[in-house]
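Chemist: Give me a 3D structure for the following:
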Amino acid sequence: MSEMTPRRLSYVARIVLVPLGESGHRLVDQMAAAGLTEVQVVTEHAPNEVAVRDINADTTTMRRIDELATESDMVILIGSVLSQVPVGFATTMAEAARQSGNLLAGVLVDQQDWDSQQGAEAMAVLRMELDMLVSITQVDLATAFVDVLKGGYRTAGAYAPVLSTPRI
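Modeler: Numbers count the residues shown, from 1 in each chain. Sure, this is the predicted structure:
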């Protein structure tokens with residue numbers, strides 16, 4: 001058997017989290033408290049501009065949405081109360097991500113108000129705009145899901161396994 005070593009020892013996807021309303025912001029705070037790191041959080045600021053911060057920081061910087069999407073690998077919209085979803089902002093983020101070739105995901109934690117008119121509209125928009133939509137019951141599952149998409153938890157000195165292929 002010959003051994004091949006991977007070109008990269010680890011991979012960390014550049015993820016942008018988009019809280020969908022107040023429920024989304026609460027979820028992001030809970031994810032940060034649970035230890036999620038290396039994720040950017042955005043908040044709508046102007047039609048083509050967002051406030052960006054690291055998930056574990058309070059300081060924000062203003063960025064153009066298209067530039068932020070170009071510099072990221074995935075955009076994940078997260079929320080709970082569907083009637084709070086800022087449909088226009090969600091659509092704008094999805095369009096920018098799609099133009100940059102990003103994976104678009106949605107995470108709904110213990111979703112609520114899906115049967116209201118606003119909630120039904122938000123759900124229709126999310127289903128149309130996103131590549132994947134995950135509905136789960138607990139924020140710790142959302143934290144683990146985002147961490148896996150990011151590339152997983154790392155410890156100092158840990159390396160990716162050596163890949164081996166059989167001789168042909």
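
Chemist: tell me which residues of stretch 14-31 are tucked away?
Modeler: Across stretch 14-31, burial judged by 16 or more other CB atoms under 10 Å covers 15-21, 23-28, 30-31. Where you see a C-beta, it was placed from the backbone N, CA and C, and this is true even at glycine.

Chemist: Can you name the next helix or strand after the strand ranked longest in the chain?
Modeler: Secondary structure of the chain per DSSP state E: the longest strand is strand 103-112. Next along the chain after strand 103-112, taking DSSP states H and E as the criterion, comes helix 117-129.

Chemist: picking that back up, got the angle for the longest strand of the chain vs helix 117-129?
Modeler: With axes from the mean of the first three to the mean of the last three CA atoms, to 10 degrees applied, the angle from strand 103-112 to helix 117-129 works out at 160 degrees.

Chemist: counting contacts, what elements does strand 103-112 pack onto?
Modeler: strand 74-81, helix 87-99, helix 117-129, strand 132-136, helix 139-150 (3 or more CB pairs under 8 Å, 6 or more residues apart in numbering; DSSP states H and E).

Chemist: who does the first one pair up with?
Modeler: Strand 74-81 has the following strand partners under DSSP bridges: strand 15-19 (parallel), strand 103-112 (parallel).

Chemist: Quick one: residues in contact with the next helix or strand after the first one.
Modeler: Yep, that's strand 15-19 we're talking about. Following strand 15-19 in sequence order, the next helix or strand is helix 21-33 (DSSP H and E). Identification of contacts with helix 21-33 by CB atoms under 8 Å, 6 or more residues apart in numbering yields 17-19, 41, 55-56, 77-81, 84-86, 109, 112, 139, 142-143, 146.
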